[in-house]
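**Student:** Provided below for reference: sequence and predicted model.
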Amino acid sequence: MTTPETSTATSRRRFVKQSVAAGLGFNFIPAYLTSARAADNPKQPPSRRINLGCIGIGGRAGSVIPGLTAAGNAAPVAFTDVDFAMAKGIEKNLKAFPDVKRFSDFREMLDKMGKDIDAVSVVTPDHTHFVAAISAMALGKHVYVEKPLTHTFEEAEILMRAEKKFNVVTQMGNQGHTSAGAEQFKQMLAAGILDDVVKIDAWKSPSLWFMNAAERALVKGYPAGEPKPESLNWDLWCGPQEVKPFSKMYHPFNWRGFHLYGGGMFGDWGAHIIDFAHDHLKLGLPTRITPLALADYNQISYPLSSDIRFEFPARGEKMPAVELHWKAGGDTKIEIAEKFGDPGADGKVFIPNPGNTGSLLHRKQGDYLVQRGSHDRHSLIYPRTKMVEFKDAVSLHPPKYSHQESFVQACMGNGITESRFSVSGVLTQVLNLGTIAEYLNVDLKFDPATKRFIGNEQANARLAGPAPRAEWADCYKLA
């Protein structure tokens, strides 16, 4: 079994010189067109297989890496993780691919093995998505990045520019965006079922530590420092953000509850709940974000519960202005009006229970509701008699490839991805704007044309977030 390569200052300087700080633009030859290949693959010859450099091996990567490699069209040749011992569920990928070379610093991986890598997966905490993705894109590597795409609005803006500049294949990991549910939503849109939506209720029940009052009470401010596991490179885990004393409240999972490192519940689940509506209804960026209620508000951890209203402008015919109402945590019970129920055999009206997670799309005509769950869930129409009326449009037809395999196929020149950065980047920016509202707890007006807040410079400063640490600053200099 191989061991992680040690990161050196020389390797880092060489990598930065030849990539991000050196203009970020040059011709490249994909590894699958060269002779530098991994071990034989029983399903594809080496000349037709995508070589993966995987950044982040535990946690969600336990599903992402198998998803990328399941069809035999891609294989990992390099693993990078800041902790090969403590990361959640990391054993799954290490056992499946025991001979893949290991690194603790993705910059060294790209420096030493760049010629052998076609595409990179980034499955790390939110605050390090950007630096890993832009570093790979600058070397001409295709990139698959877990949701949310970035930690800040400006990082998403840079990645969307980089997608065009380097002409690489991209995909954000909101996996439901390539599914039978997604195809159904597009069919419903084409059939006119989703015309004239004026309001969207979106919600998520509490499921993370900061939304549990008892667990939350144990954390006052930033966690106190504690001994760091020997297996963990804490400096690299912190990446461009401020280095706080290590705490198990951050690693291996609970970082998501802190503004400094994660996106809270909206950044986490918003990408799975509002993605269909945002993309296919062309919502774009909002003009106003209003926190209606943030329980136990502070600027360190995300709220115990959130109630936020977003206002999106009209986008053209049959796409009027939309109010998106997001609720998370606390009492997230959503009720459906009786007029959208169906009469039962006993004459009583059956009113559907929309559950703990999802969204309801309201038309201005008020004649029916469309319920959308999360991830790959298909949509329902209430009253259900409308489902029969629209039976052809609501039928389910799965896509040819899964979300991960569609990325691999696109890397090989077959089709395009559904959640490429030009799509997922704007969605992520909506999530970023929501987290800014949760951080400041004030009514915010936003100009989608200038991509700036109106009359609030504190909010504008949050678009880019705190300045990155010096060794990461060059990642943010894409022209």
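**Tutor:** Looks like it arrived, so ask away. None of the values given here were measured: they were computed from a predicted structure. Numbering: from 1, shown residues only.

**Student:** quick one, phi psi at the residue positioned nearest the centre of the chain?
**Tutor:** By Cα atoms, centre = their mean, the chain has its centre lying nearest to residue 147, at 1.2 Å. Per-residue torsions, residue 147: phi -80, psi 160 (degrees, to the nearest 10).

**Student:** For it, give me its contacts.
**Tutor:** 172-174, 268, 271-272, 424, 428 (Cβ atoms under 8 Å, 6 or more residues apart in numbering). Every C-beta, even on glycine, is put in place using the N, C-alpha and C of the backbone.

**Student:** Now do the SS call for the residue nearest to it when sequence neighbours are not counted.
**Tutor:** With Cβ to Cβ, 6 or more residues apart in numbering as the criterion, residue 147 has its nearest non-adjacent residue at 3.9 Å, and that residue is residue 271. When classified by DSSP: H, G, I helix; E, B strand; the rest coil, residue 271 comes out as helix.

**Student:** What count of nearby residues applies to residue 271?
**Tutor:** Neighbourhood size, residue 271 [other Cβ atoms under 10 Å]: 29.

**Student:** quick one: the residue nearest to the centre of the chain and residue 173, what's the gap?
**Tutor:** 5 Å (Cβ to Cβ, to the nearest Å).

**Student:** try residue 434
**Tutor:** Residue 434 is 19 Å from residue 173, by Cβ to Cβ.

**Student:** go on, residue 261?
**Tutor:** Using Cβ to Cβ, we find residue 261 at a distance of 18 Å from residue 173.

**Student:** For those two, work out which one has more neighbours and name it.
**Tutor:** The neighbour count for residue 261 versus residue 173, taken as other Cβ under 10 Å, is higher for residue 173 (26 against 22).

**Student:** how about the longest helix seen in the chain: buried residues?
**Tutor:** If you go by DSSP state H, the chain has its longest helix at helix 421-440. Judged by neighbour count using 16 or more other Cβ atoms under 10 Å, the buried positions of helix 421-440 are 421, 423-440.

**Student:** and what of stretch 335-353?
**Tutor:** For stretch 335-353, a neighbour-count test (16+ other Cβ under 10 Å) marks 336, 340-341, 351-352 as buried.

**Student:** For the stretch 51-200 of the chain, which segments count as helices?
**Tutor:** Ranges of helices in the stretch 51-200 of the chain, per DSSP state H, counting those that start in this stretch, are 61-69, 91-96, 106-113, 129-138, 153-166, 180-190.

**Student:** Report the distance from the shortest one to the chain centre.
**Tutor:** The chain centre lies 24 Å from the centre of helix 91-96; the measure is Cα atoms, centre = their mean, to the nearest Å.

**Student:** could you say what helices and strands that helix packs with?
**Tutor:** Under the contact definition 3 or more Cβ pairs under 8 Å, 6 or more residues apart in numbering; DSSP states H and E, helix 91-96 sits against helix 61-69, strand 74-80.

**Student:** Mind listing what's buried along that helix?
**Tutor:** 93-94.

**Student:** and if you look at the last one?
**Tutor:** Within helix 180-190, the residues that count as buried by 16+ other Cβ under 10 Å are 180-185, 187-189.

**Student:** wait, which of those is closest to residue 206?
**Tutor:** residue 181 (24.1 Å; Cβ to Cβ).

**Student:** Run through the residues that contact that closest one.
**Tutor:** Going by Cβ under 8 Å, 6+ apart, residue 181 touches 276, 373, 375-379, 396.

**Student:** Likewise for residue 316?
**Tutor:** Contacts of residue 316 (Cβ under 8 Å, 6+ apart): residue 282.

**Student:** Which pair of the contacts of residue 147 spans the longest distance?
**Tutor:** Spanning the widest gap among the contacts of residue 147 are 268 and 424, at 14.5 Å by Cβ to Cβ.

**Student:** Was I right to think the residue nearest to residue 147 contacts residue 174?
**Tutor:** Yes: Residue 271 is within contact range of residue 174, at 4.4 Å (criterion: Cβ atoms under 8 Å).

**Student:** Give me the common contacts of the two.
**Tutor:** Common neighbours of residue 271 and residue 174 (Cβ under 8 Å, 6+ apart) are 147, 424, 427.

**Student:** what residues go with each domain of the chain?
**Tutor:** Recorded structural domains for the chain (assignment: automatic domain parsing) are 9-177+402-421+467-476, 180-389.

**Student:** nearest to residue 454, of those?
**Tutor:** Using Cβ to Cβ, those put domain 180-389 closest to residue 454, at 9.0 Å.

**Student:** What's the end-to-end length of the closest one?
**Tutor:** Chord length of domain 180-389, first to last residue, is 20 Å (Cα to Cα, to the nearest Å).

**Student:** chain center to that domain, what's the gap?
**Tutor:** With Cα atoms, centre = their mean, you get 13 Å for domain 180-389.

**Student:** so how far is residue 144 from the residue of the chain positioned farthest from its centre?
**Tutor:** Computed with Cα atoms, centre = their mean, the residue of the chain farthest from its C-alpha average is residue 346, at 45.8 Å. For residue 346, the distance to residue 144 equals 51 Å [Cβ to Cβ].
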